[in-house]
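need a structure here:
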Amino acid sequence: MTIVKTCGKLYWAGEYAILEPGQLALIKAIPIYMTAEIKASNNYRLYSDMFSYSVDLRPDSSYTLIQETVALVEEYLTAQGVELQPFSLDIRGKMEREGKKFGLGSSGSVVVLVIKAMLAFYERLADRELLFKLASAVLLKRGDNGSMGDIACIVSEDLVLYQSFDREKVADWLEKEDLQAVLARDWGFSIRSVEPVLTFDFLVGWTKEVAVSSHMVKQIKDNMNPSFLQASKETVANLVKALEVGQEETIIDLLEQASQLLEGLSSDIYTPLLRQLKNASKDLKAVAKSSGAGGGDCGIALSFDRDSTTLLKKRWADLGIELLYQERMEHDDKSEG
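Modelled structure (predicted):
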């Protein structure tokens with residue numbers, strides 16, 4: 001039996017803009033994991049703890065995402081000359097509580113998880129780029145309109161700067177060309193790890209509200225104009241620079257700018273509770289903002305001294321915001337706090 005795992009993710013900056021090709025986003029891996037166990041079997045058996053039953057490869061509406069991932073990886077393996085065999089796959093670790101999602105990128109995590117499990121089962125090595133392309137191909141073939149930023153972060157398990165690619169173009173290639181040929185092409189994305197050179201606390205607050213729907217995301221996306229896109233790209237690029245040279249005040253200012261850009265894009269992004277989550281960092285050596293699509297789910301904060309961290313956590317708790325995750329980000333030692 002082989003066991004693999006994938007993490008969750010949260011955006012620090014670049015939300016919405018990243019949906020456009022060539023844009024930048026800064027995204028952080030969150031070590032809240034989903035795990036998969038895979039082993040040889042006489043028959044195919046797929047099980048996820050999201051559902052109360054297991055399936056084989058016969059189409060099942062609940063298991064579509066998992067089944068389509070299996071199909072694409074098998075297509076890839078067959079082209080590599082691998083002889084396929086049935087397996088049993090168990091997926092566990094719902095990124096939710098009481099039926100409410102945390103917004104950590106569950107569908108992206110599932111796709112990467114299935115790919116990692118199958119490649120491990122067949123003892124095939126895969127680098128970050130191949131994992132990213134395979135997972136993105138699954139989602140593009142499904143008509144998924146996400147930026148694939150969650151995939152970039154989940155395959156890296158790190159703080160990453162992601163530059164998006166032209167998804168329509170790659171989706172067109174996938175429709176018209178052989179999978180191997182598409183995987184061999186240059187898609188035009190980039191993923192690089194970012195290493196901050198200062199010490200701070202990274203906190204994640206969960207509002208327990210459900211985030212904006214895909215319909216609302218589409219409406220908000222329609223509000224984007226060239227000046228928003230340019231401002232967002234510059235803000236993310238400057239934020240990465242500030243993290244890599246250790247400019248605390250600049251980091252706070254730039255995350256505040258990123259937050260204001262989102263507020264200007266749509267009034268739906270900051271719910272009253274997300275606004276309170278953000279405002280809780282006022283007068284502290286800290287900065288907080290909405291993360292991801294907004295309208296609920298999670299907010300993040302960076303806090304630059306321990307007193308600020310303590311006060312921020314107390315303010316969040318008083319607001320009914322749950323501290324979902326906290327990490328001490330240190331220049332030389334990324335230990336969790």
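
can we go C-alpha only for contacts and neighbour counts from here?
Noted.

and residue 278, helix, strand or coil?
Following DSSP: H, G, I helix; E, B strand; the rest coil, the label given to residue 278 is helix.

quick one: the helices in this structure?
Ranges of helices in the chain, per DSSP state H, are 64-79, 106-121, 128-141, 149-156, 167-176, 179-184, 214-221, 226-245, 248-265, 272-279, 306-318.

now residue 78: closest residue in space, sequence neighbours ignored.
Spatial nearest neighbour of residue 78, excluding adjacent residues (CA to CA, 6 or more residues apart in numbering): residue 84 at 7.2 Å.

that neighbour reaches residue 74, doesn't it?
Yes: counting by CA atoms under 8 Å, residue 84 touches residue 74, with 7.3 Å between them.

who has more neighbours out of those two?
More neighbours surround residue 74 than the other of residue 84 and residue 74, with 19 against 11 (other CA atoms under 10 Å).

mind listing what residue 159 touches?
Neighbour list for residue 159: 26-29, 153, 193-195 [criterion: CA atoms under 8 Å, 6 or more residues apart in numbering].

same question, residue 137
Residues counted as contacts of residue 137 (CA under 8 Å, 6+ apart) are 171, 174.

local confidence estimate at it?
Looking at residue 137, its pLDDT is 98.

quick one on the thing from earlier: mind listing which of the contacts of residue 159 are in strands?
Among the contacts of residue 159, the members found in strands (DSSP state E) are 26-29, 193.

most neighbours among those residues, which one?
Among the ones in strands among the contacts of residue 159, the one with the most neighbours (other CA under 10 Å) is residue 27, at 28 neighbours.

excluding covalently adjacent residues, which one is nearest to that residue?
Closest to residue 27 by CA to CA, 6+ apart is residue 11, at 4.3 Å.

returning to that earlier point: which one of the contacts of residue 159 is nearest to residue 65?
Residue 65 lies nearest to residue 153 out of the contacts of residue 159, by CA to CA, at 19.4 Å.

for burial, what's the neighbour tally of the closest one?
32.

state the distance from the closest residue to residue 315 other than its chain neighbours to residue 267.
Excluding the flanking residues, the one nearest residue 315 by CA to CA, 6+ apart is residue 280, at 6.2 Å. Applying CA to CA, to the nearest Å, the value for residue 280 to residue 267 is 19 Å.

what's near enough to touch residue 70?
Here residue 70 is in contact with 114-115, 118 (CA under 8 Å, 6+ apart).

next up, the contacts around the residue of the chain positioned farthest from its centre.
Distance from the centre of the chain peaks at residue 42, with 34.7 Å (CA atoms, centre = their mean). The contact partners of residue 42, by CA under 8 Å, 6+ apart, come to 86-87.

quick revisit: most neighbours out of the contacts of residue 70, which is it?
residue 114 (28 neighbours).

does that residue touch residue 66 like I think?
Yes: the pair residue 114 / residue 66 is scored as a contact, 7.0 Å apart, by CA under 8 Å.

quick revisit: okay, residue 280 and residue 267: which has more neighbours?
residue 280 (22 against 11).

ok, so what distance separates the more buried one from residue 259?
14 Å.

with residue 155 instead?
Residue 155 is 26 Å from residue 259, by CA to CA.

now residue 75
Residue 75 sits 42 Å away from residue 259, going by CA to CA.

of these two, which one has the most company?
Each of residue 75 and residue 259 has its neighbours counted (other CA under 10 Å); residue 259 has more, 25 against 16.

show me where pLDDT drops low in the stretch 51-200 of the chain?
The stretch 51-200 of the chain contains residues with pLDDT under 70 at 95-105.
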